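J.: coordinates for the following, if possible.
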Amino acid sequence: METVSVEEALRKGQRMVDYPTKGILIIGGAIDYYLISARLIDGFGILLAIILPFLVAWLWWSVMVTKWRLWAFKNVRNVHRLEREAVRLSLIWPRGSFFEKTEIRTATEEVKWADLQQKFLKDDVFTDDLSVPQETRVYISKMQKRLEFGLGVLVLAVGLFFCVLREDYVMGPFFVLVGLLITYIGYRGMINRKPQIIINENGIQTASAPFTDWREVYNEEAYTDASGKNSRNYLSYNCPSGLVKIEISDLDIARKTLSHLLIVYRGRSKQRKGI
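T.: As a prediction, the model looks like this:
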């Protein structure tokens, strides 16, 4: 029976696949560091020690991701959403990618996965969330901008300290300029009362893009773009005017919440307008 929610399946996938894979890499790296720093290995041994954790982690992922796939896509009804979210969480790779082909499957598992493809021929089932209002307006986070404003004032004070008390006219003006910039950005955000996103069952609008009916919106998603140590959250969607992309990291809404709203309002529109 299809009794498992998308969220439950994703959590189990992280426990089965993601966390152990990362754990293998971390523990393997720690062991490598100890062996190398203690000079217990050298030359080819160092190269092997560096490669081995990656091979073990890849082997774990390749085997366990198949087992999770078969369990999750068998027990979850909304397989389209499950696949999108699993790719976003890096549990699985997009269809047709090179790394998807590195998954290890037995002949029996290949047959089971082929049988499950029939589920993708059906649209996901929409279940309304009555706690979601008729319309949601998303604003710039006032708390975050107050913190930015406070940080700017602090940096500005440091700059004045260097200028006045230390007579340092290199670091002082630098901190003053940076402080003024941060303070200005924080202040602008604090006084901005314009909604950055308006979303309801009729469509979606952002501060940079006009209202667009759901009939003309596609590929909408709220996602995290991780680059190095930094990660930022975005809302993006395609419409007749092109790609709309807005950063939501500074807004008073979490990425998961916005992702849920996209599903709910799109689903309501389909139910009431038949799109």
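J.: let me know the helix or strand that the residue most central in space within the chain is in.
T.: When the chain is reduced to its mean C-alpha position, the closest residue under C-alpha atoms, centre = their mean turns out to be residue 224, at 2.8 Å. Secondary structure from DSSP states H and E places residue 224 in strand 218-227.
J.: what about the residue lying closest to residue 4 once chain neighbours are set aside, neighbour count?
T.: Nearest residue to residue 4, sequence neighbours excluded (C-beta to C-beta, 6 or more residues apart in numbering): residue 75, at 4.1 Å. Glycine gets a C-beta too; all of them are placed from N, C-alpha and C. When neighbours are defined as other C-beta atoms under 10 Å, residue 75 has 16 of them.
J.: now residue 75: phi and psi?
T.: Dihedral pair for residue 75: phi -100, psi -10, per degrees, to the nearest 10.
J.: state the distance from it to residue 63.
T.: Here residue 75 is placed at a distance of 20 Å from residue 63 (C-beta to C-beta, to the nearest Å).
J.: can you check residue 165 too?
T.: To residue 63, residue 165 is 64 Å away according to C-beta to C-beta.
J.: before we move on, back to that, which other helices and strands contact the strand holding residue 224?
T.: helix 79-88, strand 230-239, helix 255-273 (3 or more C-beta pairs under 8 Å, 6 or more residues apart in numbering; DSSP states H and E).
J.: any idea of the pLDDT on the closest residue to residue 231 other than its chain neighbours?
T.: Spatial nearest neighbour of residue 231, chain neighbours left out: residue 224 (5.4 Å); criterion: C-beta to C-beta, 6+ apart. What the model reports as pLDDT for residue 224 is 85.
J.: also residue 40?
T.: Looking at residue 40, its pLDDT is 87.
J.: contacts only, for it.
T.: By C-beta atoms under 8 Å, 6 or more residues apart in numbering, residue 40 lies in contact with residue 34.
J.: now the phi/psi pair for it, please.
T.: Dihedral pair for residue 40: phi -90, psi -20, per degrees, to the nearest 10.
J.: returning to that earlier point: mind checking how far the residue nearest to the centre of the chain is from residue 91?
T.: 14 Å.
J.: and the angle for the least confident helix or strand in the chain by mean pLDDT with helix 79-88?
T.: The helix or strand of the chain with the lowest confidence, counting by mean pLDDT, DSSP states H and E, is strand 218-227 at a mean of 85. Interaxial angle, strand 218-227 versus helix 79-88 (axes from the mean of the first three to the mean of the last three C-alpha atoms, to 10 degrees): 20 degrees.
J.: report the buried residues of strand 218-227.
T.: In terms of neighbour count (16 or more other C-beta atoms under 10 Å), strand 218-227 has its buried residues at 220, 222-223.
J.: one step back: and residue 33, which of the helices and strands packed on strand 218-227 is closest to it?
T.: strand 230-239 (25.1 Å; C-beta to C-beta).
J.: now the phi/psi pair for residue 212, please.
T.: phi -130, psi 130.
J.: please apply the same query to the one 4 residues further on.
T.: According to degrees, to the nearest 10, the main-chain angles of residue 216 amount to phi -110, psi 10.
J.: could you give the number of residues near it?
T.: 13.
J.: same question, residue 107
T.: When neighbours are defined as other C-beta under 10 Å, residue 107 has 7 of them.
J.: state the distance from it to residue 113.
T.: Distance from residue 107 to residue 113, by C-beta to C-beta: 11 Å.
J.: that older thread, what's the angle between the least confident helix or strand of the chain and helix 255-273?
T.: Strand 218-227 and helix 255-273 are oriented at 180 degrees to each other (the same axes, to 10 degrees).
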